[in-house]
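Participant: Quick one: sequence plus predicted model below, questions after.
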Amino acid sequence: MITFDGVTKRYADGTVAVDDLSLEAPTGEITVLVGPSGCGKTTSLRMINRMIDATEGRVLIDGVDVRTVDPPTLRRGIGYVIQQAGLFPHRKIVDNVATVPHLLGWDRRKARARAMELLERVGLDPGLAGRYPFQLSGGQQQRVGVARALAADPPVLLMDEPFSAVDPVVRASLQEELLRLQAEFTKTIVFVTHDIDEAVKLGDRVAVLRVGGRMAQLADPATLLARPADDFVAEFLGRDRGIRRLSFVSGEGLRLRTDLTAPASAEVSSVRGTAAPWLAVVDADDRPLGWVRVGELPESGTLADVRLAPYGTFVRGRDSLRGALDATLLSPSGNAIAVDDSGRVRGVLTRETLEEALRQAAGGAGGARA
Amino acid sequence: MNWLAEFFGDAANWSGPDGIPVRLLEHLEFSAISLLLAALVAVPLGLGIGHTGRGALPVLLSANAARALPTLGLLVLIVLLMGVGTDVPVLIPLVALAVPPILVNTYEGIRGVDPDLRDAAYGMGLRGRQVLGRVLVPVALPLILLGLRVAAIQVVSTATVAAYVGLGGLGRFIVDGLATKDFPRTLGGAVLVALLALAVQLVFTLVQRLVVSPGVSGSRAVR
Ligand SMILES: Nc1ncnc2c1ncn2[C@@H]1O[C@H](COP(=O)(O)OP(=O)(O)OP(=O)(O)O)[C@@H](O)[C@H]1O
Ligand SMILES: [Mg+2]
């Protein structure tokens, strides 16, 4: 666990970058520091590995005051990833990754083997190992940066806007990769970003800082979105807060209707009497094909001959309420098709059921503001 | 052209204590020793002030002032003070000539390394010396070598002044040729100096290929 205990940083010119910050980053979790530019995120982060020393207060790692540890020794036990990757241009990728193992005196072969293993773990083609950094794309360089930080298997990882210099698509895949790695390695991660969406996506806990380096709110993402502590936090969370919050509401309990599906092989006549306006048509394998409007069925034939309307699906048990809402919006029927992990239809979520669930979710937001 | 043929074609010019091989070796000796001494002073100094940032201003100012020293004037002064007899009088002005480009380029090379890179190096847990030796120097190497090359060419060209105070080197051909109106000799000496400068340039290009990481030279070429 990383503990900030009343930490203040005053730079030589008098700027107070961090003001009396107290915060705990629990072991094995991702704690995100987020806030507008200049609010002291980087300064806070760098006080953990002593790239900057606090003016007042203490920073502790597992109870040990970092000020009592010699900085290079401290840093070799802490992975550090920065925005521009900061790879050594004169060294091949594999040697870049092996930097810290090398400093720690591992034997050469072991360090290289470890580096190769990590390149694969972060999703890089091992064929890139012999290249130099300038021969890699920005996204690839950033992956190497992560591999390098993980090389000596440090328990703590500090990441300062590691993904902000790459385009949104690459950023999303790097974020996924980080979550996957975290599930595998379980590090204590402190992650700095100014992107609230990234904070909410990655953080187990999110600390919102305001300019002047004071803590505005510390909460898990769902709580943060549901109950921002004040105007500043609400504004920083931005628009669409309501919808984004749905990502954290489980779709597990949603009641599904199983009487609104029909196989494509069914005769038109056999479904004409259905009371509901729409039916979901599925194939012989129970996979969704589309929606059919009961009032517009042809005279005869099977459902396979009917032109179907588009549909949206969500995965039962995995997707959140946001996913379910999205699925209903993709279909003119206003209903969503629920599927299991293998893509087989489990039932239909009607608009009415969803609306009820949304109302409940909103109720759960308590004293949240409009 | 026939002056050149006359000079280089004369077998007498290729042997004896006043022959081309001996003069060339003398010339190389002055030059190499001066360059080595200059590098021993200027490279560590440039690395030191570039890495720590301390003392940069006074050092760079004196380096620039030293650039304004007239080499020949300095040489004559030293000979007047010390007399002839050793190589030392000629080495001093040549070292003074070589130090500024080496010093300034080494300093600029180290200073110019991307601060993010320096930061990453410290962040990994490298100590100050390791940051300098394992990161800053390899990355700054092209500029450091440039300084050495400029210095080497200047020294090789200027070492001719040794002849003015009675010492050896290729300058002898030029000075003696002028004194005796033996123009083929003067021209031949001048051509030898020019060829030597070219050879130095070539050697440094090769050295650069060998010692600069492709990761550094490659990324520069791309930009
Ligand atoms: N070396 C320094 N000397 C003086 N002031 C500094 C120094 N470094 C940072 N500051 C100031 O401290 C404050 C916090 O800076 P910091 O870099 O921690 O912000 P940040 O939250 O990381 O911002 P960004 O999102 O732009 O990276 C800013 O006002 C900044 O100008
Ligand atoms: Mg920052």
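Facilitator: Noted; the coordinates are in hand. Ligands and ions are numbered 1, 2, ... in the order given.
Participant: burial count for the nearest residue to A:L308 once chain neighbours are set aside?
Facilitator: In space, A:L308 comes closest to A:G290 once its chain neighbours are excluded; the distance is 2.7 Å by C-beta to C-beta, 6 or more residues apart in numbering or on different chains. Where you see a C-beta, it was placed from the backbone N, CA and C, and this is true even at glycine. Counted with other C-beta atoms under 10 Å in any protein chain shown, the neighbours of A:G290 add up to 19.
Participant: how about A:G290, secondary structure?
Facilitator: Secondary structure, DSSP: H, G, I helix; E, B strand; the rest coil: A:G290 is strand.
Participant: Any idea what it is bridged to?
Facilitator: A:V281 (DSSP bridges).
Participant: Do I have it right that it meets A:A304?
Facilitator: No: using C-beta atoms under 8 Å, A:G290 is not in contact with A:A304, being 10.9 Å away.
Participant: Tell me how many other residues surround the closest residue to chain A within chain B.
Facilitator: Ranked by C-beta to the nearest C-beta, the top residue of chain B for proximity to chain A is B:A120, at 2.8 Å. Applying other C-beta under 10 Å, we find 25 residues neighbouring B:A120.
Participant: Could you verify my assumption that it touches A:P89?
Facilitator: No: look at B:A120 against A:P89 with C-beta under 8 Å: they stay out of range, at 10.9 Å.
Participant: before we move on, back to that, in contact with the residue nearest to A:L308, which residues?
Facilitator: Going by C-beta atoms under 8 Å, 6 or more residues apart in numbering or on different chains, A:G290 touches A:A280, A:V281, A:L308, A:A309, A:P310, A:Y311.
Participant: If we use 10 Å, what do you get?
Facilitator: When the contact criterion is C-beta atoms under 10 Å, 6 or more residues apart in numbering or on different chains, the partners of A:G290 are A:264, A:279-282, A:303, A:306-311, A:331, A:333, A:337.
Participant: quick one on the thing from earlier: common neighbours of A:G290 and A:A304, please.
Facilitator: In contact with both A:G290 and A:A304: A:A264, A:V281, using C-beta under 10 Å, 6+ apart.
Participant: Quickly check: stretch A:76-89 near chain B or not.
Facilitator: Yes: counting by C-beta under 10 Å from any C-beta of the partner chain, chain B has neighbours in stretch A:76-89: A:76-89.
Participant: Would you mind measuring the gap between the ends of that stretch?
Facilitator: 20 Å (C-alpha to C-alpha, to the nearest Å).
Participant: circling back: what residues are shared contacts of B:A120 and A:P89?
Facilitator: What both B:A120 and A:P89 touch, as defined by C-beta under 10 Å, 6+ apart, is the set A:N96, B:D114, B:V135.
Participant: Just grab the bridge partners of A:R10 for me.
Facilitator: A:V16.
Participant: Quick one: the helices in chain B, in order.
Facilitator: B:2-9, B:20-52, B:56-67, B:71-82, B:88-111, B:115-124, B:128-130, B:137-158, B:171-179, B:183-211, B:214-222 (DSSP state H).
Participant: Any chance of TSV for those helices, columns distance to ligand 1 and mean pLDDT?
Facilitator: Shown next, in TSV, are the helices of chain B (distance: least, C-beta to the nearest ligand atom, whole Å; pLDDT from 0 to 100):
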stretch	distance to ligand 1	mean pLDDT
helix B:2-9	63	88
helix B:20-52	17	95
helix B:56-67	19	85
helix B:71-82	44	80
helix B:88-111	18	92
helix B:115-124	12	95
helix B:128-130	19	95
helix B:137-158	23	96
helix B:171-179	54	90
helix B:183-211	35	94
helix B:214-222	25	76
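Participant: Nearest to A:D197 among those would be which one?
Facilitator: Of all those, it is helix B:115-124 that lies closest to A:D197, at 25.0 Å by C-beta to C-beta.
Participant: how close does the most centrally placed residue in chain B get to B:L94?
Facilitator: With distances taken as C-alpha atoms, centre = their mean, B:A152 lies nearest the centre of chain B, 2.2 Å away. Shown here: B:A152 relative to B:L94, a distance of 11 Å by C-beta to C-beta, to the nearest Å.
Participant: A:E120 now?
Facilitator: Applying C-beta to C-beta to A:E120 and B:L94 gives a distance of 56 Å.
Participant: Contacts only, for the nearest residue to A:P162 once chain neighbours are set aside.
Facilitator: Closest residue to A:P162 apart from its sequence neighbours, by C-beta to C-beta, 6+ apart: A:V81 at 4.4 Å. Contacts for A:V81 (C-beta under 10 Å, 6+ apart) come out as A:142, A:145-150, A:157-163, A:178, A:189, A:191-192, B:120, B:123.
Participant: Many thanks, have a good one.
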